[in-house]
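> let's see this in three dimensions:
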Amino acid sequence: VQLQAYGGGLVQPGGSLRLSCAASGFTFNDYAIAWFRQVPGKEREADSCISSSGEDIYYSDSVKGRFTISRDTAKSSVYLQMNSLKSEDTAVYYCNARSMYNPNVTKWGQGTQVTVSS
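Residues are numbered from 1 along each chain as shown. Have a look, this model is predicted:
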């Protein structure tokens, strides 16, 4: 059972990055997938979530209009396209899978660092 997040890096303000979250070892279509961010000293906070069907999508106010989440069932992957990046988007980004049958069943991937700096 694995979630692997990748795609982070260093980007200038106003730039773009695309994060990927690849799932393996579980039934991908049974899980909603969310992207969280975490900065040192603070709790993880959710940026975006996509339902198991892909029909329901959530964005936090801080990323709405700039980030786009999508999922590819064939590749068991979820993506987060991040545009118009700001310095305050600098964080470690994690993907999370939550079962549609039991919300208490969750899985975390390792984080990927995003640094927005000139």
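
> strands along this structure, start to end?
2-6, 9-11, 17-24, 31-38, 45-50, 57-59, 67-72, 77-82, 91-99, 106-108, 112-116 (DSSP state E).

> mind putting these in CSV, mean neighbour count and mean pLDDT included?
In short, each C-beta sits where N, CA and C put it, glycine included. What follows is the strands of the chain, written out as CSV (neighbours: other CB atoms under 10 Å; pLDDT from 0 to 100):
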stretch, mean neighbour count, mean pLDDT
strand 2-6, 17, 93
strand 9-11, 14, 98
strand 17-24, 19, 96
strand 31-38, 22, 96
strand 45-50, 19, 97
strand 57-59, 15, 98
strand 67-72, 18, 97
strand 77-82, 22, 98
strand 91-99, 21, 96
strand 106-108, 14, 92
strand 112-116, 17, 98
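
> the spatially most central residue of the chain and Cys21, how far apart?
Nearest to the mean C-alpha position of the chain, by CA atoms, centre = their mean, lies Trp35 at 2.6 Å. The gap separating Trp35 from Cys21 is 7 Å, by CB to CB, to the nearest Å.

> overlap in contacts of the two?
Val78, Leu80, Cys95 (CB atoms under 8 Å, 6 or more residues apart in numbering).

> residues contacting the second one?
Applying CB under 8 Å, 6+ apart, we find Leu80 in contact with Arg18, Leu19, Cys21, Trp35, Asp47, Ser48, Phe67, Thr68, Ile69, Tyr93.

> dig out what it forms beta bridges with.
For Leu80, the beta-bridge partners are Leu19, Ile69 (DSSP bridges).

> how far away is it from Gly7?
Distance, Leu80 to Gly7, by CB to CB: 8 Å.

> equivalent analysis for the last one, please.
In this structure, Cys95 lies at 10 Å from Gly7, with CB to CB as the measure.
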